[in-house]
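1. Here's my sequence, what's the structure:
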Amino acid sequence: MDKKDWQKKGAGHRQRLRDKFIEKGIGSFTDAEILELLLSLGTPRQDCKERARAAIKRFGSLAAVLETPLETLQEIKGIGPNNAFAVRFVHETARKFLKERPRGKSYINAASEVVEYLRHSMTRRETEVFVAIFLDSRNGVIDIQELFQGTLSSSAVYPREVIKTALSMNAAAMVFAHNHPSGHLEPSPADHAITRRLFLAAKLMEMNVLDHIIIGNGEKYYSFAEHGIMDEICQANASLL
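-> Numbers count the residues shown, from 1 in each chain. Below you'll find the model as predicted:
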């Protein structure tokens, strides 16, 4: 098969994948097929099937590939700067979309969208990341911001800075979240301590803390509010409020 025939065959394969997406949606794709199309955005005239399979095999999943640094991704034979850029650009676009989607909506109705964004942005991070969701007086989402990095046990979260940011946004309430790189969801003593400190600091400024969410691996998360911990903190500190 000469080069022209090879390119024609590859173009036909990519078109079949595109038609499959239009007809059946992304749910009908394997991880390797999704990655193959993403890689082809960077090199539309080249066959990216084997590159995609090699990347999935090395890193374990599509999610892992998407979170892989550009330099590391290019260690896969055949994946160059253009391919890696296409993958990262699409990934960052999806992250921005998920972050923007809950804005302006009531947190009560958009909680699942917030958790979806948090899972997308925080899962597979190698260090703990602390995020604050700032809400208005109607619990509408104003913004979602990553404020601190590092383990909570090392006092990396500063309530004064959190409250300062909340005041600058005229927030009336907040929801906090952080990830556990280990994948374990059970809150640590440090998690409980920082939640109480943030709750008290917010109350002094007439703000509410509605929840603290721990993001694990995959679809799992732990909600302080759902487990009754926020109510316990409120009752335990009622005399101070």
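
2. Assign a three-state SS to A156, would you?
-> The three-state assignment at A156 reads coil, by DSSP: H, G, I helix; E, B strand; the rest coil.

3. I'd guessed it sits against Q149; true?
-> Yes: between A156 and Q149 there is a contact under Cβ atoms under 8 Å: 7.0 Å. Yep, even glycine has a C-beta here, placed from its N, CA and C like the rest.

4. what sits in contact with each of these two?
-> Both A156 and Q149 are contacted by E128, F130, under the criterion Cβ atoms under 8 Å, 6 or more residues apart in numbering.

5. Which one of those two is surrounded by more residues?
-> Per other Cβ atoms under 10 Å, whichever of A156 and Q149 has more neighbours is A156, with 18 against 12.

6. Spatially, what comes nearest to the more buried one if we skip its sequence neighbours?
-> G150 (3.7 Å; Cβ to Cβ, 6 or more residues apart in numbering).

7. likewise P159?
-> Spatial nearest neighbour of P159, excluding adjacent residues (Cβ to Cβ, 6+ apart): A201 at 4.0 Å.

8. what do you get for L66?
-> H91 (4.5 Å).

9. Now the spatially most central residue of the chain: which helix or strand?
-> Nearest to the mean C-alpha position of the chain, counting by Cα atoms, centre = their mean, stands S121 at 1.8 Å. Take DSSP states H and E as the rule and S121 turns out to sit in helix 107-122.

10. Summarise which helices and strands that helix is packed against.
-> Contacts defined by 3 or more Cβ pairs under 8 Å, 6 or more residues apart in numbering; DSSP states H and E place helix 107-122 against helix 81-100, strand 129-135, strand 141-149, strand 173-179, strand 208-215, strand 221-223.

11. Return the distance of it from the chain's centre.
-> Relative to its chain's centre, helix 107-122 lies at 8 Å (Cα atoms, centre = their mean, to the nearest Å).

12. Repeat that for stretch 175-182.
-> Mean C-alpha position of stretch 175-182 versus that of the full chain (Cα atoms, centre = their mean) differs by 11 Å.

13. Tell me which residues of it come out buried.
-> V175, F176, A177, H178, N179, H180, P181 (16 or more other Cβ atoms under 10 Å).

14. Make a markdown table out of these and add distance to L38 and pLDDT.
-> Output for the buried residues of stretch 175-182, formatted as a markdown table (distance: Cβ to Cβ, whole Å; pLDDT from 0 to 100):
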| residue | distance to L38 | pLDDT |
| --- | --- | --- |
| V175 | 32 | 95 |
| F176 | 33 | 95 |
| A177 | 28 | 93 |
| H178 | 29 | 92 |
| N179 | 25 | 89 |
| H180 | 28 | 87 |
| P181 | 25 | 84 |
